[in-house]
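Sequence plus predicted model, see below.
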Number of protein chains: 2
Amino acid sequence: MEENFKDKKINKTLTRVKVNLDISFDRETKVIDFHYPNELLQMNNWELQDEPATLDDILISCRATLKYAIKTAHPRYFNQLSTGLDMVGLAADWLTSTANTNMFTYEVAPVFVLLEYVTLKKMREIIGWTDGRGDGIFSPGGAISNMYAMLLARFKMFPEVKEKGMSSVPRLVAFTSEHSHFSIKKGAAALGIGTESVICIKADESGKLIPADLERRILEGFVPFFVSATAGTTVYGAFDPLIAISDICKKYNIWMHVDGAWGGSLLMSRRHRWKLDGVERANSVTWNPHKMMSVPLQCSALLVREEGLMQNCNQMHACYLFQQDKHYDLSYDTGDKALQCGRHVDIFKLWLMWRAKGTIGFEAQIDKCLELSEYLYNKIKDREGYEMVFDAIHAVFVACCQVAPVIKARMMEYGTTMVSYQPQGDKVNFFRMVISNPAATFEDIDFLIEEIERLGQDL
Amino acid sequence: MEENFKDKKINKTLTRVKVNLDISFDRETKVIDFHYPNELLQMNNWELQDEPATLDDILISCRATLKYAIKTAHPRYFNQLSTGLDMVGLAADWLTSTANTNMFTYEVAPVFVLLEYVTLKKMREIIGWTDGRGDGIFSPGGAISNMYAMLLARFKMFPEVKEKGMSSVPRLVAFTSEHSHFSIKKGAAALGIGTESVICIKADESGKLIPADLERRILEGFVPFFVSATAGTTVYGAFDPLIAISDICKKYNIWMHVDGAWGGSLLMSRRHRWKLDGVERANSVTWNPHKMMSVPLQCSALLVREEGLMQNCNQMHACYLFQQDKHYDLSYDTGDKALQCGRHVDIFKLWLMWRAKGTIGFEAQIDKCLELSEYLYNKIKDREGYEMVFDAIHAVFVACCQVAPVIKARMMEYGTTMVSYQPQGDKVNFFRMVISNPAATFEDIDFLIEEIERLGQDL
């Protein structure tokens, strides 16, 4: 009886999910059915109770959850770097949930551990590390991948820091562009390095780090241990000049990290990968397939040039998990190189999508997003009412000024489209145009422009 | 045409998933179809290619992935602290995948952000923090939750560490039981504190931290800033004496953390929650619903007593994500209190299970696991061939000696059951009996004992 009830619950829930999937891609559907937090709290009973809820209540809750969720797969959702919903990726994520296991040992995740091994190897090859060596891990997002890189750089230079802490080493300094992602500072704060030891290097007008300024700051003193170059900055989409940066890192013996959380995926495109020329000289690379490759969230990789370093840096030899007398090859027990103990299985959706599309499929998808981006750029660069923040198109970013917060609020209330805005340095609020959704078309770009104008016409 | 092909792919994949679900709970199915890594690498073509794979190939891959996966839902899978597969939790996880969004702002995850708010508040109440205040976050696993706690404790005592790093503060020391989880040391290594500054406190014969030893070590010098008591140690399942520990923390003004990754769920049980008496005096608590509450992986919460501290400790004011001029209440943009930028949605499966079962449903499930555990303990405590590692039952652990590695290898080859083994301190390898799978019955416990004896009879 209870089982039967459960089955009904599940089947009905899944029917809701299916219906939601169909409408997610429908342009007639709202991107968002927006309500203020206090309103939304009152629109359903969300409280947790002692007694079980009825089947009806469960279904109402699922319906409400889907109704008020953002339709991130909607062709007119341009709000984040992660958009879209790949059906093979989704099916793979569902299979992953069903397998419900953990990445720490081969024993509990034999296939997933092998697929991670195969995929990381392939990604390293694409970076240009073709000797079959190297390392890597799938981590819970780009911020953690970047933190891993900083942790490894510090350990490489001062292995004693693991046991003795920062008080055993001289004052370290890290360098990154003033346009880099905030996770570099966040990582430095967490690792006990301190945000003041992250030196922000000037960027030029188009948002690229200026190598001469990097070298000048390196010479100012303390112990430089880490440079994080960005391949695809968060706001401008700029690519730092990796070759020039790598020369400097080599000269001063500094770990070179490339934060390609956003732009790393361009490595899959023969037409665009030149933007990352020099990436093969890095010591580590962050690359998030959940961004421009539209793999369902989360899927972020850190790739490391040196083999064995992650293990040495992070291992604690927990003998109850990583028994040394097991009957299989222990090199597949990857858990002790992670900061986490249990680790979510993020690999299967990427792996299955890659199989289903092939490398050329990802390439076509990425090329199309960049083509749409260029189309948008050309359409608005001389258009009345817009002002380009800078006159260049780097990745899939174009930026244009407007009374952005008001228009954005109206967008959300109408629910017709969503795009992000922000200030940067001395520039006031501007829209940041991101196209990473494979479902978007030229018509959606036209719609976006018309809609911004419609919503802002009285301003 | 391509769409049609895709639909077929997805429907067939989901059919495989469904079949797999049915057999997962079937006792006639093997827990594992074990193959050595090199064998498994050769049993399918796992390589990533330039060209798209055929539909057949995709289905073969899905089938192989499921065939060689561990059946973690199997009633005879006792290998990890996370076992079982709840159908409502699974449906909720599928819905989450479909929504494919991120936890950083209310803007992109309105419902999930509210549900996290509601659930964290409820969990804090259950801990005993009933004034409605406090904070918390769902993080990617217990190790990261513990690291958050250590980070907060350090920031609370020396807020300048965020900007100036560890070189601005005196040498800090943290304390935890010799039986605590390795993530405490891992966290200290990452945060620049160093593993040597984690002082291991002696545990008594039954695995509980000895408060007198804690106080003695605190008095030895340096700056004590963090005590991590364990509620449910990884190997013995012991509960440290929280009241005595909290008295010491209060006396010396030290942050008290309770690592209840495993045992925190006992707070849901009126019969067993006394084991955590004193938890309400803690400054922070790790509690993983993906363990004893059988929520699908991953689902780990850190609960914090003081409101606002997480935000102050971790915020970097990234203006492109957390715009201060948005049109809704910004206190719901929780992303800047996280170490991560994007954060996976782990809340919905817990929330929906809680609605479906009610608090009393979780309680019944937990009580049953502990009952099975007691049954197992009583069955083997005087049985020939077994020796109890210690004569007590704490949570859902019982341990008994044997020629464990050989028996374990045979278990995996036959695929009939799986249970973990390990050494601890001066004890040789022993089986660690964990029961967290709601599908397990008395008969499965009987089977486990018989199977260990069958597989070990010639040894």
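Yes, it's here. Residues are numbered from 1 along each chain as shown, chains lettered A, B, ... in the order given.

Can you give the domain ranges for chain A?
According to the TED database, chain A comprises the domains A:2-30+A:33-69, A:102-344.

Out of those domains, the one nearest residue A:452 is which?
With C-beta to C-beta as the measure, domain A:2-30+A:33-69 is the member of the domains of chain A nearest residue A:452 (16.7 Å). In short, each C-beta sits where N, CA and C put it, glycine included.

which element follows the least confident helix or strand in chain A by mean pLDDT toward the C-terminus?
Every helix and strand of chain A was ranked by mean pLDDT, DSSP states H and E. The lowest is strand A:397-401, at a mean of 51. Downstream of strand A:397-401, the next assigned helix or strand under DSSP states H and E is helix A:404-414.

pLDDT (mean, whole number) over the next helix-or-strand element following that next one?
Counting by DSSP H and E, the next helix or strand C-terminal to helix A:404-414 is strand A:418-424. Averaged over strand A:418-424, pLDDT sits at 79.

quick one, strand A:418-424 and helix A:404-414 angle?
Here strand A:418-424 runs at an angle of 160 degrees relative to helix A:404-414 (axes from the mean of the first three to the mean of the last three C-alpha atoms, to 10 degrees).

strands paired with strand A:418-424, and their directions?
Within its sheet, and counting by DSSP bridges, strand A:418-424 is paired with strand A:77-78 (parallel), strand A:427-434 (antiparallel).

Just say which of those strands is most tucked in.
strand A:77-78 (a mean of 26; mean count of other C-beta atoms under 10 Å in any protein chain shown).

returning to that earlier point: identify whichever of the strands paired with strand A:418-424 lies nearest to residue B:195.
Closest among the strands paired with strand A:418-424, using C-beta to C-beta: strand A:427-434, at 41.8 Å.

Just say which of the domains of chain A is most tucked in.
Of those, domain A:102-344 is the most buried (mean count of other C-beta under 10 Å), at a mean of 22.

what's the span of it from first residue to last?
6 Å (C-alpha to C-alpha, to the nearest Å).

likewise stretch A:102-114?
Terminal-residue distance, stretch A:102-114 (C-alpha to C-alpha): 13 Å.

Tell me the helix or strand right after whatever helix or strand residue A:212 lives in.
Taking DSSP H and E as the criterion, residue A:212 maps to helix A:211-218. Using DSSP H and E, the helix or strand that follows helix A:211-218 towards the C-terminus is strand A:223-230.

for that next one, what is the average pLDDT?
Rounded mean pLDDT across strand A:223-230 is 98.

With stretch A:42-50 instead?
On average, stretch A:42-50 scores 93.

tell me which residues of the longest helix along chain A are tucked away?
Longest helix of chain A, by residue count under DSSP state H: helix A:347-380. Within helix A:347-380, the residues scored as buried using 16 or more other C-beta atoms under 10 Å in any protein chain shown are A:347-359, A:361-363, A:365-367, A:369-370, A:372-373, A:376-377, A:379-380.

Can you narrow these down to the ones near chain B?
A:348, A:351, A:352, A:354, A:355, A:356, A:357, A:358, A:359, A:361 (C-beta under 8 Å from any C-beta of the partner chain).

show me what contacts the closest residue to residue A:34 other than its chain neighbours?
Distances taken as C-beta to C-beta, 6 or more residues apart in numbering or on different chains place residue A:412 nearest to residue A:34, at 4.5 Å, with adjacent residues excluded. Listed by C-beta atoms under 8 Å, 6 or more residues apart in numbering or on different chains, the contact set of residue A:412 reads A:32, A:34, A:418, B:107, B:327.

try 10 Å this time
Residue A:412 sits next to A:30-35, A:70, A:79, A:418, B:107, B:326-328 when contact means C-beta atoms under 10 Å, 6 or more residues apart in numbering or on different chains.

now do residue A:269
With C-beta under 10 Å, 6+ apart, residue A:269 has these contacts: A:275, A:292, A:359, A:362, A:363, A:364, A:365, A:366, A:367, A:369, A:370.

which ones are touching the residue nearest the centre of chain A?
Centroid-nearest residue in chain A: residue A:288, 4.4 Å away (criterion: C-alpha atoms, centre = their mean). Shown in contact with residue A:288 (C-beta under 10 Å, 6+ apart): A:81-82, A:139, A:141-142, A:145, A:232, A:259-265, A:295, A:297-302, B:342.

Need the phi and psi values for it.
phi -100, psi 100 (degrees, to the nearest 10).

how far away is it from residue A:260?
According to C-beta to C-beta, to the nearest Å, residue A:288 stands 8 Å off from residue A:260.

Can you tell me the closest non-neighbouring residue to residue A:119?
Nearest one to residue A:119, counting by C-beta to C-beta, 6+ apart, is residue A:351 at 5.5 Å.

okay but the one you found is in contact with residue A:123, surely?
No. In this structure residue A:351 lies outside contact range of residue A:123 using C-beta atoms under 10 Å: 11.1 Å.

is it true that residue A:163 touches residue B:195?
Yes. Applying C-beta under 10 Å, one finds residue A:163 in contact with residue B:195, separated by 5.1 Å.

shared neighbours, those two?
Looking at what touches both residue A:163 and residue B:195 (by C-beta under 10 Å, 6+ apart), the common residues are B:185, B:188, B:189.
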